[in-house]
Each structure stands twice: as structure tokens, then as C-alpha cells.
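Engineer: coords please:
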Amino acid sequence: QVQLVESGGGLVQAGDSLRLSCAASGGSLSTYGMGWFRQAPGKEREFVVGITSGGDIKAPDSVKGRFTISRDNAKNTGSLQMNSLKLEDSAVYYCAAATRGSWSRRAEYYDYWGQGTQVTVSS
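Structural biologist: Residues are numbered from 1 along each chain as shown. Below is the predicted model of the structure:
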């Protein structure tokens, strides 16, 4: 059973950067697709960015150019680099892993989830 643990969240000001990490245990992420999602209060969980096991990345226009996903299979970790943060980026951020090796905007595609880390952007 793969377990995912996110870290790196916090309180930052608009325009700042933040790097989130996702550490996996109980299995290797090397063949898994990975995704980052976020959920703000009162809103549905939203796809942020995804990466396949082969390293192909999908980022929606809302974060393209600001957010970058990466993975380090040797360390069994994933990361989300967030630059030029905006107030609307405030949310709990979750990493997820999919045994099928790709990414999806749909949360149900993923088999494993972390517990989430809070990101708060202030003005």
C-alpha cells in the first residue's frame, strides 16, 4: 500500500513562491502517474497539474507558466513548484498517484492520495 505525504505548505504573500513535496513510502512511484489537486473551502477538488510515469506534463492554462511539476524516481518523491502565487491559489493541496501510469483531471483516476497541505496566499 503506497502512502503519500505532502509537505511544504504555508502562508505566503501574493507574488511569492512555494515548493510542495510529496514523499511516497510502501512502493515505488516510478511507474505511477502523479497529479496535484487543490481544494478551497466550499469548492470542489480541482486538478492542478499532472505528470506521467515517463515525464510528460499537463498543466491547465490557469497555472501554466507559474506551476511546475517534477518527479525524482530515485528519491521516490514528487514536487510542485509554485511561482507568482495569487490569492486564488489558496487551498489545500493534495498529491495523488495513479497505478495506470498517466494523469487525469478526474480524481477517481488516482489510486493513492496524500493528506493534503495548506497553502494560504495573502495580499
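Engineer: rest of the way, CA atoms for contacts and neighbours
Structural biologist: OK.
Engineer: list the helices and strands the helix or strand of the chain with the lowest mean pLDDT packs on?
Structural biologist: The weakest-scoring helix or strand in the chain, judged by mean pLDDT, DSSP states H and E, is strand 57-58 (a mean of 87). Other helices and strands packing on strand 57-58, by 3 or more C-alpha pairs under 8 Å, 6 or more residues apart in numbering; DSSP states H and E, are strand 46-51.
Engineer: Which neighbouring elements make contact with the strand it packs on?
Structural biologist: Contacts defined by 3+ C-alpha pairs under 8 Å, 6+ apart place strand 46-51 against strand 33-39, strand 57-58, strand 67-72.
Engineer: Would you single out the least confident of the ones you listed?
Structural biologist: Lowest mean pLDDT of the helices and strands packed on strand 46-51: strand 57-58, a mean of 87.
Engineer: so where's this protein shaky on pLDDT?
Structural biologist: In the prediction, the chain carries no residues with pLDDT under 70.
Engineer: Going by residue numbers, what spans are strands in it?
Structural biologist: Counting by DSSP state E, the chain has strands at residues 3-7, 10-13, 18-25, 33-39, 46-51, 57-58, 67-72, 77-82, 91-98, 112-113, 117-122.
Engineer: Quick one: closest of the ones you listed to R105.
Structural biologist: Closest approach to R105 among the strands of the chain is made by strand 46-51 (5.3 Å; C-alpha to C-alpha).
Engineer: Spatially central residue for the chain, please.
Structural biologist: For the chain, W36 is the residue whose C-alpha lies nearest the centre (C-alpha atoms, centre = their mean; 2.5 Å).
Engineer: could you list every residue that touches that residue?
Structural biologist: By C-alpha atoms under 8 Å, 6 or more residues apart in numbering, the contact set of W36 is 47-50, 80, 93-96.
Engineer: Ranking by neighbours, what's the top pick from these?
Structural biologist: Highest neighbour count within those, by other C-alpha atoms under 10 Å: C95, with 29 neighbours.
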